[in-house]
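> Below is the sequence, then the predicted model.
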Amino acid sequence: MRLLQPIVEFTHAQASSGIVLMACAAIALIWANSPWAESYFHVWETPVGFVFGPYAIEKTLHHWINDGLMAVFFLLVGLEIKREIIVGELSSVRQAALPIAAAIGGMIVPAFLYLVFNIGTPAAKGWGIAMATDIAFSLGALALLGSRAPLSLKIFLTAFAIVDDLGAVIVIALFYTASIDVTSVLVGVAAFLGLLLLNYMGVRKLFAFALLGIVLWFALLNSGIHATIAGVLLALTIPARVRLDPGDFMRRNEELLEEFQTTEAQDQDLILDERRQGALRAIEASCEEAQMPLQRMEHSLHGWVNLMIMPIFALANAGVSFAGFEARALAEPITLGVLVGLVVGKPVGIVAASWIAVKAGVAQLPQGISWIQIIGAGILGGIGFTMALFIANLAFGTNSDLEKAKVGILVASALAGVVGVWLLGRGRQRHSARTTSEPLGAEN
């Protein structure tokens, strides 16, 4: 069970974040449709600037959120991807086959369905919107089932959503990049090489990586490549090695604790006792050396990203005015493409690709999971929200098409959440009833 503790803590954190996200999305929608709606749309266009000697930079508050704060979100995404590849569900071909297949199917089919409605029009550039899965929202919806949602299902959903995020990062880098400024790109390359050098030299102080990461972010901000990619590139360079294996860690700390205990000092003199203070510092250093810097950074970022950055992003981007809205607006090609892509394309692509992978013998269903639950997880994969809103901003900027895409994202995410939770709840009840009705010793 200890081996599963990190994924348990991760899913709990994401579920909590999903609840906060829901609250912020609701606040944004209420604010955007209240008597104070004008203030909602105006506040995010407030210019905010910084001056560094001869250099000055000024962007709107909305721009700082989407290009600045979200770079930290993408840093966490990159750390999660790297961790999963090294020690998680993606660390072996057999383990990774099912979530990778599910994610690929869950990206291709929605993008295709979006293009069915928008091919040949300027709106076709929004094809990446329907590819995204919001980990926090989907796990938050799954958390509503409590113990009826097995841990293996949460792990499957988390794994394919992380692969989905990797796909979204690649799509953003390749297809949502503006004109390139070569000088800024070269500065970014130099910063990235510097980060790789820090890793190679065994530097473990995260502060050093953060400084070069800021340089990389500024370079990409001015290069035309979306600045949030800097977060993923920085994550790839964070060391994922430990200096002390468990045996050495135990031996060293046993010696230090023994020294701490045998020191002839009264409890009240602890602060002034240099030997005891030295032992405590040595224990602290050994604890740091027994952890991967990647894990330390990921742990320190989770709270900030889940409970501050993503909620702020939701507050700034989820607001849609429904003044004069009519049901027929859902038939707009952009809205319909996003809606069908997320609600239909996601589960169809995820389930079909998973079924093909299992039948081909390259993957197997996780223990205790039925195909009904895979379908339910696929439907929850249609909760796009954070990443979908982010790509919509990249695709459409501030024109009216963005509002159409937002309506599709919000309606699709709500539908996917409700239907997914309902199906998983019923599927679990039927599975339990069938199991308990079977005689002892019956074969499945």
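Received the coordinates, thanks.
> so what does the strand or helix carrying residue 108 touch, helix or strand wise?
Here residue 108 is covered by helix 93-118, with elements defined by DSSP states H and E. For helix 93-118, the elements it packs on are helix 151-175, helix 333-340, helix 346-359, judged by 3 or more CB pairs under 8 Å, 6 or more residues apart in numbering; DSSP states H and E. C-beta here means a position set from N, CA and C on the backbone, and glycine is covered the same way.
> Including distance to residue 26, mean neighbour count and mean pLDDT, could those go into JSON lines?
Below are the helices and strands packed on helix 93-118 laid out as JSON lines (distance: least, CB to CB, whole Å; neighbours: other CB atoms under 10 Å; pLDDT from 0 to 100):
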{"stretch": "helix 151-175", "distance to residue 26": "22", "mean neighbour count": "21", "mean pLDDT": "87"}
{"stretch": "helix 333-340", "distance to residue 26": "20", "mean neighbour count": "24", "mean pLDDT": "95"}
{"stretch": "helix 346-359", "distance to residue 26": "23", "mean neighbour count": "22", "mean pLDDT": "96"}
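> Would you reformat the ones you listed as CSV and include distance to residue 194?
CSV is the format used below for the helices and strands packed on helix 93-118 (distance: least, CB to CB, whole Å):
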stretch, distance to residue 194
helix 151-175, 20
helix 333-340, 40
helix 346-359, 39
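> right, and these - which one's nearest residue 242?
Nearest to residue 242 among those is helix 151-175; the distance by CB to CB comes to 22.3 Å.
> Checking residue 45 next. Helix, strand or coil?
Under the three-state scheme (DSSP: H, G, I helix; E, B strand; the rest coil), residue 45 adopts coil.
> The closest residue to it other than its chain neighbours pairs with what?
Spatial nearest neighbour of residue 45, excluding adjacent residues (CB to CB, 6 or more residues apart in numbering): residue 60 at 5.0 Å. Beta bridges link residue 60 to residue 47 when assigned by DSSP bridges.
> is it true that residue 60 touches residue 47?
Yes - contact criterion CB atoms under 8 Å: residue 60 and residue 47 qualify, at 5.9 Å.
> So the two - more neighbours on which side?
residue 60 (15 against 10; other CB atoms under 10 Å).
> so what's that one up against?
44, 45, 46, 47, 48 (CB atoms under 8 Å, 6 or more residues apart in numbering).
> Compute the number of surrounding residues for the closest residue to the third one other than its chain neighbours.
Read it as residue 46. Once flanking residues are discounted, residue 46 sits nearest to residue 61: 4.7 Å by CB to CB, 6+ apart. Neighbour count of residue 61, defined by other CB under 10 Å: 16.
> in the lengthiest helix in the chain, what counts as buried?
Longest helix of the chain, by residue count under DSSP state H: helix 400-437. In terms of neighbour count (16 or more other CB atoms under 10 Å), helix 400-437 has its buried residues at 401-413, 415-417, 419-421, 423-425, 427-428, 431.
> Flag the shaky bits of the stretch 151-300 of the chain, pLDDT-wise.
243-245, 248-249, 256, 259-260, 262-274 (pLDDT under 70).
> Please enumerate the helices of it.
151-175, 182-200, 206-223, 229-237, 246-262, 274-289, 293-304 (DSSP state H, counting those that start in this stretch).
> Got the domain ranges for the chain?
By the assignment in automatic domain parsing, the chain contains the domains 2-177+226-241+292-436, 246-286.
> gap between the first one and the chain center?
Relative to the chain's own centre, domain 2-177+226-241+292-436 is displaced by 7 Å; criterion: CA atoms, centre = their mean, to the nearest Å.
> so what's residue 235 closest to, chain neighbours aside?
The spatially closest residue to residue 235, leaving aside those adjacent along the chain, is residue 78, at 2.6 Å (CB to CB, 6+ apart).
> quick one, helices of the stretch 1-150 of the chain?
Going by DSSP H, counting those that start in this stretch, the stretch 1-150 of the chain shows helices at 5-32, 37-43, 61-63, 70-87, 93-118, 135-143.
> how about CSV for the ones you listed, with distance to residue 194 and mean pLDDT added?
As requested, the helices of the stretch 1-150 of the chain are exported to CSV (distance: least, CB to CB, whole Å; pLDDT from 0 to 100):
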stretch, distance to residue 194, mean pLDDT
helix 5-32, 30, 73
helix 37-43, 37, 92
helix 61-63, 26, 91
helix 70-87, 17, 88
helix 93-118, 31, 93
helix 135-143, 30, 80
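> Please work out which of these is packed deepest.
Most buried of the helices of the stretch 1-150 of the chain by mean neighbour count (mean count of other CB atoms under 10 Å) is helix 135-143; its value is a mean of 26.
> Against which helices or strands is that helix packed?
Short answer (3+ CB pairs under 8 Å, 6+ apart): helix 135-143 packs on helix 5-32, helix 151-175, helix 371-380, helix 385-396, helix 400-437.
> Just put those in JSON lines and tack on distance to residue 66.
As requested, the helices and strands packed on helix 135-143 are arranged in JSON lines below (distance: least, CB to CB, whole Å):
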{"stretch": "helix 5-32", "distance to residue 66": "14"}
{"stretch": "helix 151-175", "distance to residue 66": "12"}
{"stretch": "helix 371-380", "distance to residue 66": "25"}
{"stretch": "helix 385-396", "distance to residue 66": "6"}
{"stretch": "helix 400-437", "distance to residue 66": "12"}
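> sorry, back to before: for the residue nearest to residue 45, give its distance to residue 393.
Noted for residue 60: a distance of 12 Å to residue 393, by CB to CB, to the nearest Å.
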